[in-house]
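Visitor: Could you work out the structure for the sequence below:
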Amino acid sequence: MDPNATLSELRSLTAELHDLEEEYQERQDEVDEQVVLLGSIRDVAARMGELVEALDGWISKGGFLPAAWVR
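Guide: Residues are numbered from 1 along each chain as shown. Down below sits the predicted model:
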């Protein structure tokens, strides 16, 4: 597990999730579009959950922090 790569992907997924949520709100009248967007939101959220668990497990077992978190 590479905590730097994990943190980078988490940050990208967070931005993607925000974009998907905004698009979902903009398309409230388009039911089919919302269904597709909800699937994308679920996929991104599931991957973020996997990465958070992996990063937490890594750090909890004494692994090093991602470089962006080291001061």
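
Visitor: from here on, contacts and neighbour counts on C-alpha atoms
Guide: Fine.

Visitor: got the residue ranges for the helices in this protein?
Guide: Secondary structure of the chain, counting by DSSP state H: helices at 3-26, 31-60.

Visitor: ok, and the closest non-adjacent residue to residue 34?
Guide: residue 24 (5.9 Å; CA to CA, 6 or more residues apart in numbering).

Visitor: separation between residue 48 and residue 23?
Guide: 19 Å (CA to CA, to the nearest Å).

Visitor: Looking at those two, which is more packed in?
Guide: residue 48 (20 against 14; other CA atoms under 10 Å).

Visitor: Could you point out which of the helices of the chain sits nearest residue 70?
Guide: Each of the helices of the chain was scored for nearness to residue 70 using CA to CA, and the closest is helix 3-26 (10.8 Å).

Visitor: Only C-alpha atoms, please: export the closest one in PDB.
Guide: The C-alpha coordinates for helix 3-26 follow below in PDB (Å, rounded to 0.1, in the frame of the first residue of the first chain):
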ATOM      1  CA  PRO A   3      -0.200   6.000   1.300                       C
ATOM      2  CA  ASN A   4       0.900   8.800  -1.100                       C
ATOM      3  CA  ALA A   5      -1.000   7.200  -4.000                       C
ATOM      4  CA  THR A   6      -3.900   6.500  -1.800                       C
ATOM      5  CA  LEU A   7      -4.200  10.100  -0.600                       C
ATOM      6  CA  SER A   8      -3.900  11.300  -4.100                       C
ATOM      7  CA  GLU A   9      -6.700   9.100  -5.300                       C
ATOM      8  CA  LEU A  10      -8.800  10.000  -2.300                       C
ATOM      9  CA  ARG A  11      -8.400  13.700  -3.200                       C
ATOM     10  CA  SER A  12      -9.300  13.100  -6.800                       C
ATOM     11  CA  LEU A  13     -12.300  11.000  -5.900                       C
ATOM     12  CA  THR A  14     -13.500  13.600  -3.400                       C
ATOM     13  CA  ALA A  15     -13.400  16.200  -6.200                       C
ATOM     14  CA  GLU A  16     -15.200  13.900  -8.600                       C
ATOM     15  CA  LEU A  17     -17.900  13.200  -5.900                       C
ATOM     16  CA  HIS A  18     -18.500  16.900  -5.500                       C
ATOM     17  CA  ASP A  19     -18.800  17.300  -9.300                       C
ATOM     18  CA  LEU A  20     -21.200  14.400  -9.500                       C
ATOM     19  CA  GLU A  21     -23.400  15.800  -6.700                       C
ATOM     20  CA  GLU A  22     -23.600  19.200  -8.400                       C
ATOM     21  CA  GLU A  23     -24.600  17.600 -11.700                       C
ATOM     22  CA  TYR A  24     -27.200  15.500  -9.900                       C
ATOM     23  CA  GLN A  25     -28.700  18.600  -8.400                       C
ATOM     24  CA  GLU A  26     -28.800  20.300 -11.800                       C
END
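
Visitor: Alright, calling it a day.
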